[in-house]
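Asker: A predicted structure for the sequence below; I have some questions about it.
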Amino acid sequence: MTKPLLKLGTEFVYNPHPVYDELRKQGPIHHVLLPNGLTSWLVVDYQLAREVLADPRIKKGAAALAPITSRLRPGDQYTTVSTDLWEHMLSSDPPDHTRLRRLVTKAFTSRTVEQLHPRIEAIADKLLDEMADKPEIDLIDDYALPIPMTVICELFGVPEADRARFRELSTTMTASSTENAEDQEAAAKSAFYATAAQRGAASIELATYLIGLIAERSKNLGDDLMSQLIMANYEGDKLSDKELIAMLFLILVAGHETTVNLIGNGLYAMLRDRILYEDLTRTPERIPAAIEEFLRHEGPVHLATLRYTAEPVTLAGIDIPAEELVSVSLAAADHDPNQFDDPHHIEIGKAGKTKGGHLAFGHGIHYCVGAPLARLEARIAFEKILARYPNMKIADEVQWRPSTFLRGLQELPTVLD
Ligand code: HEM
């Protein structure tokens, strides 16, 4: 049985949950045309999302995925991204995935990242000092973004002078495509949209930059993570040149583009709900549980990265041929009423009906490597700002980023008192 194609527009990007509530009533998986121009099978049900994310027949390998996306998005932009950046663990299948992931897991365990605790506190304190005299601040650019950005750049030795450019390149690469925007004129002026040519140029500049960074560090190896990866590269069977560049790319970008949204979306939730804000200010020991609920309620990753069917599969009674795209909506899964009571409402400590918590960090072999670091950064960010500024207020309307992949605010204008 096949299903007709459903077109999802801009409204879906800005306000996805009413669309998901309708779709979920009709079934757990739908054939859709995504706002980014891709035709894909969209999973909106919690249980099916877990199954698909753990299904070895539904794969990720970039080399196989590229021609499929080209076919399913006429005038495809994916292939314009520098191939130097492709071969990372999030676009690999076992056994390559297993080998690549093993090289970095130790660096991101809860115990290892806990060593960064004092440094993250110092970064947050400095940012809070800097905003003290400003009449209005943007909690995204002034706080939520620089915390993870500084941490991940320091971990990999990206010099301070290069970070603004690195940020611009990363924004361009994760931007929505101007070609698919409903209002192309407005999109051309926004930093959150980019053309295929701009994305391609940014990816080449970023790859070239990372090659230079690796060459620089190779002259002076230490016991940091980057040096360890370069050493693994010397033993070529552990990490090829392209894999090394792509590994840095993945961790540097995943290390800040997501956590900014956990901190930003969490602050936005608190600013909209005085009771929650005051509750967490009075009882900061509830912050870790609040973080889990923020992740569930407005997780930074809306759709998991693209997967494809490596063979014909039947999902929830629907036959899907080989070489079709599959998108798992983490946002829809985490608002599935069969799993979470009153799912659109924030409630600290909300538990799932079946075993297994929220899917904001994914599930299965690609489960987020950086989850302990993201949780630590968010905890410190919330603890510090609530202790210092218990009376913040939203100063203006907010706008979501026009992305089907990342769920976060463009800015969060705020007054401190
Ligand atoms: C709140 C912040 C974060 C969220 C919500 C998040 C979410 C995710 C999700 C959903 C995936 C799986 C995607 C998929 O299966 O398609 C993932 C994978 C990954 N994340 Fe994160 N992430 C966050 C922070 C971080 C940080 C701080 C780092 C780096 C230090 C990081 C590094 C990675 C890596 C390397 C992968 C690929 C893992 C693999 O393929 O085995 N993430 N993340």
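Answerer: Looks like it arrived, so ask away. For clarity, every value in this text was computed on a predicted model and none was experimentally measured.
Asker: from here on, contacts and neighbour counts on C-alpha atoms
Answerer: Will do.
Asker: Nearest the geometric middle of the chain, what residue?
Answerer: For the chain, the residue nearest the mean C-alpha position is Thr258 (3.8 Å; C-alpha atoms, centre = their mean).
Asker: What are the buried residues along stretch 265-282?
Answerer: Of all the residues in stretch 265-282, those buried under the rule 16 or more other C-alpha atoms under 10 Å are Asn265, Gly266, Leu267, Tyr268, Ala269, Met270, Leu271, Leu276, Tyr277, Glu278, Leu280, Thr281.
Asker: What's the mean pLDDT across it?
Answerer: Across stretch 265-282, pLDDT averages out at 97.
Asker: Helix, strand or coil: sort out Pro135 for me.
Answerer: Look at Pro135: counting by DSSP: H, G, I helix; E, B strand; the rest coil, its state is coil.
Asker: what about the residue nearest to it when sequence neighbours are not counted, distance to Asn391?
Answerer: Spatial nearest neighbour of Pro135, chain neighbours left out: Val415 (6.5 Å); criterion: C-alpha to C-alpha, 6 or more residues apart in numbering. Separation of Val415 from Asn391 (C-alpha to C-alpha, to the nearest Å) stands at 9 Å.
Asker: Quick check on the two: which one has the bigger neighbour count.
Answerer: Just comparing Val415 and Asn391: by other C-alpha atoms under 10 Å the higher neighbour count belongs to Val415, 18 against 14.
Asker: bridging residues for the more buried one?
Answerer: Lys393 (DSSP bridges).
Asker: Wait, it touches Met392, no?
Answerer: Yes - counting by C-alpha atoms under 8 Å, Val415 touches Met392, with 5.7 Å between them.
Asker: Reformat the buried residues of stretch 265-282 as TSV; add secondary structure and distance to His363.
Answerer: Supplementary listing: the buried residues of stretch 265-282 in TSV, determined by DSSP: H, G, I helix; E, B strand; the rest coil; distance: C-alpha to C-alpha, whole Å:
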residue	secondary structure	distance to His363
Asn265	helix	21
Gly266	helix	22
Leu267	helix	25
Tyr268	helix	26
Ala269	helix	25
Met270	helix	27
Leu271	helix	30
Leu276	helix	29
Tyr277	helix	30
Glu278	helix	33
Leu280	helix	29
Thr281	helix	32
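Asker: Make JSON lines from those and add distance to the ligand to it.
Answerer: Converted to JSON lines, those look like this (distance: C-alpha to the nearest ligand atom, whole Å):
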{"residue": "Asn265", "distance to the ligand": "10"}
{"residue": "Gly266", "distance to the ligand": "10"}
{"residue": "Leu267", "distance to the ligand": "13"}
{"residue": "Tyr268", "distance to the ligand": "15"}
{"residue": "Ala269", "distance to the ligand": "15"}
{"residue": "Met270", "distance to the ligand": "17"}
{"residue": "Leu271", "distance to the ligand": "19"}
{"residue": "Leu276", "distance to the ligand": "20"}
{"residue": "Tyr277", "distance to the ligand": "20"}
{"residue": "Glu278", "distance to the ligand": "23"}
{"residue": "Leu280", "distance to the ligand": "19"}
{"residue": "Thr281", "distance to the ligand": "21"}
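Asker: excluding its backbone neighbours, what's nearest Lys238?
Answerer: Nearest to Lys238 is Ala232, by C-alpha to C-alpha, 6+ apart, at 5.6 Å.
Asker: so where does Leu386 fall, helix or strand?
Answerer: Here Leu386, judged by DSSP states H and E, is contained in helix 371-388.
Asker: Dump the C-alpha coordinates for that helix into CSV.
Answerer: Coordinates of each C-alpha in helix 371-388 appear next as CSV, following Å, rounded to 0.1, in the frame of the first residue of the first chain:
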residue,chain,number,x,y,z
ALA,A,371,24.9,14.4,25.8
PRO,A,372,26.8,14.7,29.1
LEU,A,373,28.6,17.8,27.9
ALA,A,374,25.3,19.4,26.7
ARG,A,375,23.6,18.6,30.0
LEU,A,376,26.5,20.0,32.1
GLU,A,377,26.7,23.3,30.0
ALA,A,378,23.0,23.8,30.3
ARG,A,379,23.0,23.1,34.0
ILE,A,380,25.7,25.6,34.7
ALA,A,381,24.1,28.2,32.3
PHE,A,382,20.7,28.0,34.1
GLU,A,383,22.1,27.9,37.6
LYS,A,384,24.3,30.9,37.0
ILE,A,385,21.8,33.1,35.3
LEU,A,386,18.9,32.4,37.7
ALA,A,387,21.1,33.1,40.7
ARG,A,388,22.2,36.4,39.2
